[in-house]
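# Structure for this input, please:
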Amino acid sequence: MSREIPNLINAKAVMSSSSEKGSVLNPLNQEVICTFPYSTDSEMDAAVASAEKAFETWKETPLPARARLFLRYQELLKKHQDEIAKILAEENGKTFADAQGDVWRGIEVVEHAANISSLIMGETVENVATKIDCYSHRHPIGVCAGITPFNFPAMIPLWQFPMAIACGNTFVMKPSEQDPQTPMRLAELFYEAGAPEGILNVVHGGKDQVNYLLKDPRIKSISFVGSEKVARHVYQTGCQNLKRVQAFSGAKNHMIVLPDAHKEQVINNLVGASCGAAGQRCMAISVAVLVGESQNWIPEITEKIKTLTVGAWDNTKADLGPLVTPQAKDRVQALIQGGEAEGAKLLVDGSEFVHPDYPKGNFIGPTLFDEVHHEMKLYQEEIFGPVLLLVRKNSLDEAIEFINKNPFGNGASIFTRSGYAAREFQNRIEAGHVGINIPIPVPLPFFNFGGWKASMYGSSNSYGKPAVHFFTRIKTMTTRWFDEDSSAEAPHMTIHLK
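The predicted structure is shown next:
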């Protein structure tokens, strides 16, 4: 019999009284790993009430004491990194190495939270008028809530609750229904690190439970990561209920390849960035825009993508694992079939891949399309699978214009040796994260993370960072510079543009 996951309310595991249960299926074989409850309204109320009560004392806890909690917590996370990664890989399908990376990127945020004292200092100006001084102080806002996605079940919860709690808030987390064990383990370790009762609560469920959090007046802010349709609903409903909302949503990330780029490096980075994690990440490169003579590299890109190994999470030679659910697999297969029907040229077809050891697995093999055009559904929608689209353009101007027409603006990259081309790209491209000779420009925790256009609704700030005017978009750019022959790398530089 599979294990039922409890809610975590006031630091205690509480079995739900709900008659409605959901199942977490193993992506390799569809066996039930565990079940979870669709929490009742009374259980949702208890979780929020616990956080509200804990806030009264936690907000008065001295900053150094909060910081020391997160120092202990990051030490525990490092000690249990492999254990968490194994739980994550089994329920999500990621390779073990990818799961370890998921956990590690979350640990980096916890380390950042341990530096909270210097992050939330106020401001002081003397003599703003005659013998009048002005001071600003940062205060916690109360109970915050996080709604987390399936694709990064360790990193994204650790984006959310550590920064909120370090700032003196308390937190209610609603994990994804598809891999809830990982966030639960994170919460258990948080209390093992010495967290006071009630400052972090975990409730399980689906749409109804999300709407409860969006409408409860005791919750002051919401952080969400997920699909564009749901992000729009979270943002609109949360704002209608007078909450602060940050809703990270869909993406269609592009990589421009200029003919002067280092070919071998381009191909290696492109294939890894498109098919790694089975394409199930919001910063994956799903479109390569080949400019001019770089279109001659398509045969080599084709051969490289064929070399990728698809396998189970514990296969150390696997480059990617299965998709998270059969429904996700069906959707990607439908988009591949539709793309071919629309006239895109299918160079590598992984849609019917069957693993000999796991015939029921949610596997999609690496897939490559050429001659993709803007009006195709294959291009318009976020695929969220190991599918790379090739688009051909004659110039950098044409490539930038093509990308900027896309409704999403999460990330974009360019590979080139030209400083002029790099600068033109970084200034003109409409994306929140810009990579120059970096395929996936994800910033470290001390930079903002937020997309443009339909990739982000609300403020791009995390809870601990200084306020940014809502009329200003943040662009975080990561650059790697190379020497003349592009074989040796200089230390990378990160440039933060406002």
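
# measure residue 171 to residue 21 for me?
With the distance defined as C-beta to C-beta, to the nearest Å, residue 171 ends up 25 Å from residue 21. C-beta coordinates here come from the backbone N, C-alpha and C atoms, glycine included.

# Got phi/psi on residue 288?
phi -110, psi 120 (degrees, to the nearest 10).

# Of residue 171 and residue 21, give the one with the bigger neighbour count.
Higher neighbour count among residue 171 and residue 21: residue 171, with 30 against 13, using other C-beta atoms under 10 Å.

# can you give me phi and psi for residue 200?
Residue 200 has phi and psi values of phi -130, psi 130 when expressed as degrees, to the nearest 10.

# In this structure it contacts residue 164, no?
No - applying C-beta atoms under 8 Å, one finds residue 200 not in contact with residue 164, separated by 9.3 Å.

# Common neighbours of these two, please.
Common contacts of residue 200 and residue 164 (C-beta atoms under 8 Å, 6 or more residues apart in numbering): 170-171.

# give me the element the closest residue to residue 385 other than its chain neighbours is part of.
Setting aside the residues directly before and after it, residue 385 is nearest to residue 332 in space (C-beta to C-beta, 6 or more residues apart in numbering), at 3.5 Å. Using DSSP states H and E, residue 332 falls within helix 326-341.

# Count residues in the vicinity of the residue nearest to residue 385, would you?
By the criterion of other C-beta under 10 Å, residue 332 has 24 neighbours.

# repeat for residue 43
Around residue 43 there are 24 other residues, counting by other C-beta under 10 Å.

# same check, this time on residue 97
Using other C-beta under 10 Å, the number of residues around residue 97 comes to 15.

# same thing with residue 173?
27.

# re the thing from before, counting contacts, what elements does the helix holding residue 332 pack onto?
Judged by 3 or more C-beta pairs under 8 Å, 6 or more residues apart in numbering; DSSP states H and E, helix 326-341 is in contact with strand 345-348, helix 377-380, strand 387-393.

# Residue 96 is nearest to which of these?
Closest approach to residue 96 among those (C-beta to C-beta): strand 387-393, 23.3 Å.

# Just after that closest one, pick out the following helix or strand.
Beyond strand 387-393 on the C-terminal side, the first helix or strand identified by DSSP H and E is helix 396-404.

# Show me which residues of that following helix are buried.
396, 399-400, 402-403 (16 or more other C-beta atoms under 10 Å).

# ok, back up a step: wait, the residue nearest to residue 385 touches residue 382, no?
No - under the criterion of C-beta under 8 Å, residue 332 makes no contact with residue 382, lying 10.7 Å away.

# show me where the stretch 51-200 of the chain has strands.
Counting by DSSP state E, counting those that start in this stretch, residue ranges of the strands within the stretch 51-200 of the chain are 123-129, 132-136, 143-147, 170-174, 200-202.

# Quick check: nearest residue in space to residue 377, chain neighbours excluded?
Here the residue nearest residue 377, using C-beta to C-beta, 6+ apart, is residue 338, at 5.6 Å.

# Would you map out the domains in the protein?
Domain ranges of the chain: 3-120+137-248, 253-497, per automatic domain parsing.

# got the ones you listed as CSV, with mean pLDDT columns?
Shown next, in CSV, are the domains of the chain (pLDDT from 0 to 100):
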stretch, mean pLDDT
domain 3-120+137-248, 97
domain 253-497, 88
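
# Need those domains in JSON lines (columns: distance to residue 126).
Listed next are those as JSON lines, based on distance: least, C-beta to C-beta, whole Å:
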{"stretch": "domain 3-120+137-248", "distance to residue 126": "16"}
{"stretch": "domain 253-497", "distance to residue 126": "21"}
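
# about what we covered before: okay, angle between the helix holding residue 332 and strand 387-393 too, please.
Taking axes from the mean of the first three to the mean of the last three C-alpha atoms, to 10 degrees, helix 326-341 and strand 387-393 form an angle of 30 degrees between their directions.

# which residues are in contact with helix 326-341?
Applying C-beta under 8 Å, 6+ apart, the set of residues contacting helix 326-341 is 25, 30, 280, 322-323, 346, 349, 351, 362-364, 367, 369, 372, 376-378, 381, 383-385, 387.

# The residues you listed, buried ones only, as a ChimeraX selection?
Below is the selection syntax for ChimeraX that covers the buried ones among these, with 16+ other C-beta under 10 Å defining burial:
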select :25,280,322,323,349,351,362,363,364,367,369,372,376,378,381,383,384,385,387
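
# chain center to stretch 105-120, what's the gap?
Centroid separation for stretch 105-120 versus its chain: 18 Å, with C-alpha atoms, centre = their mean, to the nearest Å.

# Any buried residues in it, and which?
For stretch 105-120, the buried set under the neighbour-count rule, 16+ other C-beta under 10 Å, comprises 105-114, 116, 119-120.

# want to throw the strands of the stretch 51-200 of the chain into TSV with distance to residue 42?
Shown next, in TSV, are the strands of the stretch 51-200 of the chain (distance: least, C-beta to C-beta, whole Å):
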stretch	distance to residue 42
strand 123-129	43
strand 132-136	40
strand 143-147	17
strand 170-174	14
strand 200-202	14
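
# I'd like to know which of those strands lies nearest to residue 83.
The closest approach between residue 83 and any of those, judged by C-beta to C-beta, belongs to strand 200-202 at 18.1 Å.

# Could I get the buried residue list for the closest one?
In strand 200-202, residues buried by neighbour count (16+ other C-beta under 10 Å) are 200-202.

# what do you get for stretch 131-138?
The neighbour-count check on stretch 131-138 (16+ other C-beta under 10 Å) flags nothing as buried.
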